[in-house]
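S.K.: This is a predicted model, with the sequence first.
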Amino acid sequence: MGKVACFAEYAVVPETGCIPISDTISMDKAAMIGCCVPTGVGAVLYSAQVTPGSTVAVVGCGGVGLNVIMGAKLLNAGKIIAVDIRESQLEFA
(Lines give C-alpha, C1' and ligand atoms only; values in the text may rest on other atoms or scores of the structure.)
Protein backbone atom coordinates (compact mmCIF):
# COMPACT_ATOMS: atom_id res chain seq x y z
CA MET A 1 0.00 0.00 0.00
CA GLY A 2 2.97 2.31 0.25
CA LYS A 3 4.61 4.38 2.92
CA VAL A 4 2.77 5.36 6.08
CA ALA A 5 2.20 9.09 6.56
CA CYS A 6 1.02 9.14 10.18
CA PHE A 7 2.26 12.59 11.04
CA ALA A 8 1.61 14.24 7.69
CA GLU A 9 -1.14 16.81 7.33
CA TYR A 10 -1.95 15.34 3.91
CA ALA A 11 -1.16 11.99 2.30
CA VAL A 12 -1.75 10.37 -1.08
CA VAL A 13 -3.16 6.86 -0.70
CA PRO A 14 -4.88 4.44 -3.08
CA GLU A 15 -8.66 4.26 -2.98
CA THR A 16 -8.44 0.80 -1.40
CA GLY A 17 -6.70 2.42 1.57
CA CYS A 18 -9.64 4.74 2.26
CA ILE A 19 -12.70 4.11 4.39
CA PRO A 20 -15.63 6.56 4.25
CA ILE A 21 -16.76 7.73 7.68
CA SER A 22 -19.87 9.58 8.77
CA ASP A 23 -19.73 13.26 9.73
CA THR A 24 -21.26 12.22 13.05
CA ILE A 25 -18.23 10.15 14.12
CA SER A 26 -15.52 11.91 16.13
CA MET A 27 -11.97 11.80 14.80
CA ASP A 28 -10.62 10.03 17.90
CA LYS A 29 -13.07 7.19 17.28
CA ALA A 30 -12.57 7.20 13.50
CA ALA A 31 -8.80 6.89 14.03
CA MET A 32 -9.36 3.39 15.43
CA ILE A 33 -10.48 2.27 11.98
CA GLY A 34 -7.02 3.05 10.64
CA CYS A 35 -5.15 0.73 12.98
CA CYS A 36 -6.95 -1.65 15.35
CA VAL A 37 -9.75 -2.74 13.05
CA PRO A 38 -7.76 -3.71 9.95
CA THR A 39 -4.97 -5.25 12.04
CA GLY A 40 -7.30 -7.38 14.20
CA VAL A 41 -9.89 -8.35 11.62
CA GLY A 42 -7.20 -8.69 8.94
CA ALA A 43 -5.30 -11.17 11.12
CA VAL A 44 -8.43 -13.32 11.34
CA LEU A 45 -9.24 -13.11 7.63
CA TYR A 46 -5.80 -13.42 6.08
CA SER A 47 -3.35 -14.93 8.57
CA ALA A 48 -5.34 -17.22 10.87
CA GLN A 49 -7.79 -18.23 8.14
CA VAL A 50 -10.60 -18.80 10.63
CA THR A 51 -13.41 -21.01 9.34
CA PRO A 52 -16.96 -21.46 10.67
CA GLY A 53 -17.00 -23.61 13.78
CA SER A 54 -13.27 -23.30 14.48
CA THR A 55 -11.80 -22.40 17.87
CA VAL A 56 -9.95 -19.09 18.24
CA ALA A 57 -7.70 -18.08 21.16
CA VAL A 58 -6.95 -14.38 21.64
CA VAL A 59 -4.14 -13.37 24.00
CA GLY A 60 -4.59 -9.73 24.98
CA CYS A 61 -7.94 -7.95 24.75
CA GLY A 62 -6.80 -4.45 23.90
CA GLY A 63 -7.78 -2.64 20.70
CA VAL A 64 -6.33 -5.21 18.32
CA GLY A 65 -7.41 -8.25 20.37
CA LEU A 66 -11.00 -7.02 20.59
CA ASN A 67 -11.05 -6.67 16.82
CA VAL A 68 -9.68 -10.20 16.44
CA ILE A 69 -12.65 -11.33 18.56
CA MET A 70 -15.06 -9.34 16.36
CA GLY A 71 -13.48 -10.78 13.21
CA ALA A 72 -13.80 -14.31 14.61
CA LYS A 73 -17.48 -13.65 15.38
CA LEU A 74 -18.00 -12.34 11.83
CA LEU A 75 -16.59 -15.59 10.47
CA ASN A 76 -18.77 -17.69 12.81
CA ALA A 77 -15.99 -19.19 14.91
CA GLY A 78 -17.46 -21.89 17.13
CA LYS A 79 -15.51 -21.04 20.27
CA ILE A 80 -13.54 -17.89 21.13
CA ILE A 81 -11.17 -18.01 24.11
CA ALA A 82 -9.98 -14.62 25.40
CA VAL A 83 -6.96 -14.31 27.71
CA ASP A 84 -5.88 -11.10 29.46
CA ILE A 85 -4.37 -10.15 32.81
CA ARG A 86 -6.88 -7.29 33.17
CA GLU A 87 -10.26 -8.48 34.40
CA SER A 88 -11.96 -5.34 33.02
CA GLN A 89 -10.78 -6.16 29.49
CA LEU A 90 -12.06 -9.73 29.76
CA GLU A 91 -15.46 -8.50 30.90
CA PHE A 92 -15.56 -6.06 27.99
CA ALA A 93 -14.52 -8.78 25.53
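M.R.: Right, received. Where do you want to start? As the structure is a computational prediction, the values presented were derived from the model and not from experiment.

S.K.: Only C-alpha atoms from now on, for both contacts and neighbour counts.
M.R.: Noted.

S.K.: Below-threshold pLDDT in this structure: ranges please.
M.R.: Low-confidence segments of the chain, defined by pLDDT under 70: 1-6.

S.K.: All the helices of it, residue numbers only.
M.R.: Along the chain, counting by DSSP state H, helices occupy 27-30, 36-42, 63-74, 87-92.

S.K.: centroid residue for the chain?
M.R.: Per C-alpha atoms, centre = their mean, the C-alpha nearest to the average position across the chain is that of V37, at 2.4 Å.

S.K.: ok, the residue nearest to that residue when sequence neighbours are not counted - contacts?
M.R.: Spatially, and ignoring its direct neighbours in sequence, V37 is nearest to N67 (5.6 Å; C-alpha to C-alpha, 6 or more residues apart in numbering). Residues in contact with N67 (C-alpha atoms under 8 Å, 6 or more residues apart in numbering) are C36, V37, T39, G40, V41.

S.K.: ok, now how distant is N67 from P38?
M.R.: 8 Å (C-alpha to C-alpha, to the nearest Å).

S.K.: Ok, T16 next?
M.R.: Distance of T16 to P38, given as C-alpha to C-alpha: 12 Å.

S.K.: so how far is G17 from the residue nearest to T55 when sequence neighbours are not counted?
M.R.: Excluding the flanking residues, the one nearest T55 by C-alpha to C-alpha, 6+ apart is K79, at 4.6 Å. Counting by C-alpha to C-alpha, the gap from K79 to G17 is 31 Å.

S.K.: Between the two, which has more neighbouring residues?
M.R.: Applying other C-alpha atoms under 10 Å to K79 and G17 shows that K79 carries more neighbours, namely 14 against 10.

S.K.: So the more buried one is in contact with V50, correct?
M.R.: No: K79 lies out of contact with V50 (C-alpha atoms under 8 Å); the separation is 11.0 Å.

S.K.: Thanks again, I'm all set now.
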